[in-house]
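Colleague: Give me the fold of what follows.
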Amino acid sequence: MAIHDFTSQRLYVDVVLSPGAEVPVGGPQAHYLLNVMRMKLGDGVLLFNGRDGEWRASLSRAGKRDCLLVVEAMTRPQVAGPDVAYLFAPLKHARLDYMVQKATELGVRRLQPVMTRRTVAERVNLERMRANVIEAAEQCGILAVPTVSEPLDLARAVAALEPERRLIVCDEDAAADQSRSALPAETLLALGPGPVAVVIGPEGGFDPVERERLKAHPGSLLISLGPRIMRADTAAVAALAIVNATLGRGW
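Modeller: Residues are numbered from 1 along each chain as shown. Here you go, the predicted model:
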């Protein structure tokens, strides 16, 4: 959803938002509002928490290291949006930051790191991922804030999916599977509305055993992203854009 007010700052706050509510702000957020944006008493800011929609608030008190915002009126109601779980093999540092930010912009509801046999990154900084999610949501006018889940082994992550959630497997070898794959848009259109999970493997692709397990998952659908070999972060953007463009009208 596009932001309607391009002139106001947006801030994520993990508090209930309602008319007249007082929202204390401290730390880096207060520094940003008071010292970077140089807000004055009465200046407005847009607040959202991923649950209660977007609200206009005004600065009612400013201290040296904290401030107080008073909620005034709703500017946009919360909407459900697409129900996409994104399963991905973690990348290193800046490339993971990029992928998390773009997945947030493309409307993912849940980010699920999965450890595969060819995963390069051994550790996942969940707090850094959450910070990137919030920053992307603030900057792009997004109301929903994706949840960041603890890393799981690929098999466990897939087994934990709800029965009604279809699994879309982005696989470089899918084009050879004529019985189960075709052009991505043609294949996805057959799914219709409903929750989906999109899984993308690591740089070296899925291990043959992993690929067979993904194919055997009930309701799984393999799609090819084309003949070009993409980096994992590029493949993520391509896959999520295809899913949004094809299935978005059904959400």
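Colleague: Tell me which stretches of the stretch 51-200 of the chain form helices.
Modeller: For the stretch 51-200 of the chain, the helices defined by DSSP state H, counting those that start in this stretch occupy 93-105, 126-140, 154-159, 184-189.
Colleague: how much does the first one deviate in direction from helix 126-140?
Modeller: This means helix 93-105. 50 degrees (axes from the mean of the first three to the mean of the last three CA atoms, to 10 degrees).
Colleague: from now on call the first residue 28
Modeller: Got it, the first residue is 28 from now on, which makes the last one we talked about helix 120-132.
Colleague: Now render the helices of the stretch 78-227 of the chain as CSV, adding mean neighbour count.
Modeller: Using the backbone N, CA and C atoms, a C-beta is placed for each residue, glycine as well. What follows is these, written out as CSV (neighbours: other CB atoms under 10 Å):
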stretch, mean neighbour count
helix 120-132, 19
helix 153-167, 17
helix 181-186, 17
helix 211-216, 16
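Colleague: possible to save those helices as CSV with mean pLDDT and distance to Tyr113?
Modeller: Shown next, in CSV, are the helices of the stretch 78-227 of the chain (pLDDT from 0 to 100; distance: least, CB to CB, whole Å):
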stretch, mean pLDDT, distance to Tyr113
helix 120-132, 93, 5
helix 153-167, 95, 11
helix 181-186, 95, 11
helix 211-216, 61, 15
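Colleague: Out of the ones you listed, flag the one nearest Val106.
Modeller: Taking CB to CB, helix 153-167 is the member of the helices of the stretch 78-227 of the chain nearest to Val106, at 13.8 Å.
Colleague: how close does Pro235 get to Lys242?
Modeller: Distance from Pro235 to Lys242, counting by CB to CB, to the nearest Å: 11 Å.
Colleague: So between the two, which is more surrounded?
Modeller: Lys242 (17 against 10; other CB atoms under 10 Å).
Colleague: The more buried one contacts Val196, correct?
Modeller: Yes: using CB atoms under 8 Å, Lys242 is in contact with Val196, at 7.4 Å.
Colleague: intersection of neighbour lists for the two?
Modeller: Common contacts of Lys242 and Val196, defined by CB atoms under 8 Å, 6 or more residues apart in numbering, comprise Leu249.
Colleague: which SS class is Glu237?
Modeller: helix (DSSP: H, G, I helix; E, B strand; the rest coil).
Colleague: how about the strands in the stretch 128-277 of the chain?
Modeller: 137-142, 174-175, 179-180, 193-197, 223-227, 247-250 (DSSP state E, counting those that start in this stretch).
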